[in-house]
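Enquirer: What follows is a predicted protein model with its sequence.
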2 protein chains.
Amino acid sequence: MGPRGRFDAGDEALTVLCAVRYNEPMEPRINFVTLVVADLERSRRFYIDGLGWTAAMEAGGEVAMIHVGNKLVLSLWAESAARAEIGEVTRGGTMPFTLAHNVSSPAEVDAVLTTARDAGATVHAAQPREWGGYSGYFSDPDGFRWEVAFNPFPIGDVTLP
Amino acid sequence: MGPRGRFDAGDEALTVLCAVRYNEPMEPRINFVTLVVADLERSRRFYIDGLGWTAAMEAGGEVAMIHVGNKLVLSLWAESAARAEIGEVTRGGTMPFTLAHNVSSPAEVDAVLTTARDAGATVHAAQPREWGGYSGYFSDPDGFRWEVAFNPFPIGDVTLP
């Protein structure tokens, strides 16, 4: 504010400077994790029939959406439908990302991995980790890797789950 | 319960049947999204310096973790560290998964994409989508695709964001 309690030229210059310096901020927030799946029916059998999760929304054999957190949706998107929007995708090998599901004890890690194996997943058995926790992995029918983890330590000030 | 209000042999048989049928359930929950990044410093520059997000935890040049939801963590994991746990990863092409960040208006979609572009991302401009919303994408330094979306419709009974 200028000396008389209203904007003057100096204030205006400052305002312009700020507008240049700051864009609309992007909040740190993920609302969807979308897995592009080769065969949506196969993925439905694994996540919905196998793990017992519930589809909140399904559309035309192209997508199935599952609530997996507070305002967080897991979307299974048929590759045939995804292609028009994101192009051909790369398959094969180990993808450079994982999802994790945290639980409250090592015993629960083993139990969830058993559930996943019975649903048809490939399981990499859990083991103690050098960071002090215990975790293993399962791979879904497309090879998407889920870590099932017990972590006794908080991340920042948040304890999981 | 049996006819006299306590368990009898018939109840026990039913209990065993249930134990066989149901494993420990796996709750539909994602706690971590981990991106295996080729160069952690480059990723820090994008997410932390560029987008202005805050690292809740960092460890030894191997990992940086950012809160991106309620009990949801985005983990940037240096490929050199990840290799010991998940093996060599496949790079190149378009990965078969995306993350999404939902906002409250089309104008906000464009604004966030501008922020991402200024932070160094490659942007695929937003457009109206046949499902009734408006969205575009940006790719981070490793090619991980984020959709920035305005969706006027709820997913099941949840409106995003």
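Expert: Nice, I can see it. Residues are numbered from 1 along each chain as shown, chains lettered A, B, ... in the order given.
Enquirer: what stretches of chain A score poorly on pLDDT?
Expert: Scanning chain A for pLDDT under 70 picks out A:1-24.
Enquirer: and it, what are its domains?
Expert: Structurally, chain A divides into domains by automatic domain parsing as follows: A:30-84, A:95-161.
Enquirer: and the end-to-end length of the last one?
Expert: It refers to domain A:95-161. End-to-end distance for domain A:95-161: 25 Å, by C-alpha to C-alpha, to the nearest Å.
Enquirer: mind listing what's buried in stretch A:128-146?
Expert: By neighbour count with 16 or more other C-beta atoms under 10 Å in any protein chain shown, stretch A:128-146 contains the buried residues A:133-142, A:144-146. (Glycine included, C-beta is placed from N, CA and C.)
Enquirer: For A:Asn70, state which of these is nearest.
Expert: Nearest to A:Asn70, judged by C-beta to C-beta, of these is A:Trp146 at 19.0 Å.
Enquirer: Please name the bridge partners of the closest one.
Expert: A:Leu99, A:Phe138 (DSSP bridges).
Enquirer: Who are the contact partners of the nearest residue to A:Ala59 once chain neighbours are set aside?
Expert: Spatial nearest neighbour of A:Ala59, excluding adjacent residues (C-beta to C-beta, 6 or more residues apart in numbering or on different chains): B:Trp131 at 7.7 Å. By C-beta atoms under 8 Å, 6 or more residues apart in numbering or on different chains, B:Trp131 lies in contact with A:59, B:151, B:153.
Enquirer: gap between A:Glu27 and A:Glu130?
Expert: 33 Å (C-beta to C-beta, to the nearest Å).
Enquirer: Same question for A:Ser43.
Expert: Applying C-beta to C-beta, the value for A:Ser43 to A:Glu130 is 33 Å.
Enquirer: Do a quick rundown of the strands in chain A.
Expert: Along chain A, counting by DSSP state E, strands occupy A:32-37, A:55-59, A:63-69, A:72-78, A:97-103, A:122-128, A:134-139, A:145-150.
Enquirer: Can I get those in TSV including distance to B:Asp118?
Expert: Output for the strands of chain A, formatted as TSV (distance: least, C-beta to C-beta, whole Å):
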stretch	distance to B:Asp118
strand A:32-37	23
strand A:55-59	34
strand A:63-69	29
strand A:72-78	27
strand A:97-103	25
strand A:122-128	40
strand A:134-139	36
strand A:145-150	33
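Enquirer: So for B:Ala116, which of these sits nearest?
Expert: Smallest distance to B:Ala116 across the strands of chain A (C-beta to C-beta): 16.2 Å, for strand A:32-37.
Enquirer: Now find how far off-centre that closest one is within its chain.
Expert: Between the centre of strand A:32-37 and the centre of its chain there are 8 Å (C-alpha atoms, centre = their mean, to the nearest Å).
Enquirer: ok, now stretch A:53-63?
Expert: Counting by C-alpha atoms, centre = their mean, stretch A:53-63 comes out at 17 Å from the chain centroid.
Enquirer: List just the nearest of the contacts of B:Trp131 to A:Ile48.
Expert: Nearest member of those to A:Ile48, counting by C-beta to C-beta, is A:Ala59, at 14.5 Å.
Enquirer: how many other residues sit next to the closest one?
Expert: 11 (other C-beta atoms under 10 Å in any protein chain shown).
Enquirer: just A:Pro152 next, same as before
Expert: Applying other C-beta under 10 Å, we find 12 residues neighbouring A:Pro152.
Enquirer: from the contacts of B:Trp131, which is closest to B:Trp53?
Expert: Set against B:Trp53, the nearest of these by C-beta to C-beta is B:Asn151 (22.5 Å).
Enquirer: Contact partners for that closest one?
Expert: By C-beta under 8 Å, 6+ apart, the residues touching B:Asn151 are B:102, B:131-133, B:135, B:160.
Enquirer: Quick check: closest non-adjacent residue to A:Leu160.
Expert: That would be A:Asn102: by C-beta to C-beta, 6+ apart, it lies 4.0 Å from A:Leu160.
Enquirer: quick revisit: save the buried residues of stretch A:128-146 as a markdown table, and put in distance to A:Phe97 too.
Expert: Below are the buried residues of stretch A:128-146 laid out as a markdown table (distance: C-beta to C-beta, whole Å):
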| residue | distance to A:Phe97 |
| --- | --- |
| A:Gly133 | 19 |
| A:Tyr134 | 21 |
| A:Ser135 | 16 |
| A:Gly136 | 17 |
| A:Tyr137 | 12 |
| A:Phe138 | 15 |
| A:Ser139 | 13 |
| A:Asp140 | 13 |
| A:Pro141 | 17 |
| A:Asp142 | 13 |
| A:Phe144 | 8 |
| A:Arg145 | 8 |
| A:Trp146 | 11 |
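Enquirer: quick one: which of the residues you listed is nearest B:Ile48?
Expert: Closest to B:Ile48 out of those is A:Gly133 (24.3 Å), distances taken as C-beta to C-beta.
Enquirer: Not counting sequence-adjacent ones, nearest residue to the closest one?
Expert: Leaving aside its chain neighbours, A:Gly133 sits nearest to A:Asn151 (4.2 Å; criterion: C-beta to C-beta, 6+ apart).
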